[in-house]
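Enquirer: Curious how this folds, go ahead:
(chains A and B)
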Amino acid sequence: NAGVTQTPKFQVLKTGQSMTLQCAQDMNHEYMSWYRQDPGMGLRLIHYSVGAGITDQGEVPNGYNVSRSTTEDFPLRLLSAAPSQTSVYFCASSTMNTEAFFGQGTRLTVV
Amino acid sequence: KNEVEQSPQNLTAQEGEFITINCSYSVGISALHWLQQHPGGGIVSLFMLSSGKKKHGRLIATINIQEKHSSLHITASHPRDSAVYICAVSGNTGKLIFGQGTTLQVKP
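Expert: A predicted model of the protein is given here:
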């Protein structure tokens, strides 16, 4: 099993550009979520999903879009990048009875 | 007030010392998680607890549901234990609410 695969690992964007962070898991987990990690702010929830076709907003959803067309994939889209979105992003998956598994993280810089 | 509070925020120990990190939460939960993050690194799950106590090697995690409190203990600490330790809680949707983390440095 690969676990949670998150790509890319590093990305630099210009203000206004769009991009998609990919997240895939091969453990048949129903729960998937996206977090951002900022110094002094800790980890904060952006969007989450409890199953294919079901998504909901977290604490900091503005400027991000998600979809969950399959159990395996949960991409995060930045619609128009802003410097405030410079952060480290983590995708995670789990079930009700398992620990959370995290992707390796994406370090995003918006200039 | 944060829903998940950790203490201390920073901790320096000498190699071999017994270490305790505390976590208190104010919301209803299905489980509590202890996570580890090395500098510049990814996040790894150490424990998932819904009651009682768990032990992996030198690490022990306990939870008191009535008091809404958990502790992570590291016995015989080692410099390689230096990392950020994060407490998080989850309900029935899989989403995690995180504490601010405890930065641990173990000196040789």
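Enquirer: correct me, but B:Ile60 touches B:Gly52?
Expert: No: checked against Cβ atoms under 8 Å, the pair B:Ile60 and B:Gly52 is beyond contact range at 11.1 Å. From N, CA and C alone the C-beta is placed, and that goes for glycine too.
Enquirer: Need the distance between the two termini of stretch B:87-95.
Expert: Distance between the boundary residues of stretch B:87-95 (Cα to Cα, to the nearest Å) amounts to 13 Å.
Enquirer: Next one: that stretch, is it in contact with chain A?
Expert: Yes: contact of stretch B:87-95 with chain A (Cβ under 8 Å from any Cβ of the partner chain) involves B:88, B:90, B:92-95.
Enquirer: residue in chain A nearest to chain B?
Expert: For chain A and chain B, the shortest gap (Cβ to the nearest Cβ) falls at A:Tyr31, measuring 2.5 Å.
Enquirer: so that residue sits right up against A:Ser49, yeah?
Expert: Yes: here A:Tyr31 reaches A:Ser49: they are 7.1 Å apart, a contact under Cβ under 8 Å.
Enquirer: On the pLDDT front, check B:Thr93 for me.
Expert: Reading off the confidence values, B:Thr93 has pLDDT 85.
Enquirer: same question, A:Gly40
Expert: Looking at A:Gly40, its pLDDT reads 82.
Enquirer: again with A:Leu43
Expert: 94.
Enquirer: could you list every residue that touches it?
Expert: Neighbouring residues of A:Leu43 by Cβ atoms under 8 Å, 6 or more residues apart in numbering or on different chains: A:35-37, A:90, B:86, B:88, B:96, B:98.
Enquirer: Spell out which residues of chain A are next to chain B.
Expert: Contact residues (Cβ under 8 Å from any Cβ) of chain A with chain B: A:29-33, A:35, A:42-45, A:48, A:50, A:56, A:58, A:90, A:92-96, A:98-105.
Enquirer: Could I have the buried ones of the residues you listed as PyMOL selection syntax?
Expert: Burial among these is assessed by 16 or more other Cβ atoms under 10 Å in any protein chain shown; the matching PyMOL selection reads:
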select buried, chain A and resi 29+30+31+32+33+35+42+43+44+45+48+50+58+90+92+93+94+99+100+101+102+103+105
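Enquirer: At the geometric centre of chain A, which residue do we find?
Expert: In chain A, the centroid-proximal residue (Cα atoms, centre = their mean) is A:Trp34; its distance is 3.2 Å.
Enquirer: thought that one was touching A:Tyr89?
Expert: Yes: between A:Trp34 and A:Tyr89 a contact is recorded at 6.5 Å, counting by Cβ under 8 Å.
Enquirer: Now the common contact residues for these two.
Expert: A:21, A:46, A:76.
Enquirer: can you put the residues you listed in TSV and add neighbour count, pLDDT and secondary structure?
Expert: Below are those laid out as TSV (neighbours: other Cβ atoms under 10 Å in any protein chain shown; pLDDT from 0 to 100; DSSP: H, G, I helix; E, B strand; the rest coil):
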residue	neighbour count	pLDDT	secondary structure
A:Leu21	22	98	strand
A:Ile46	23	97	strand
A:Leu76	22	98	strand
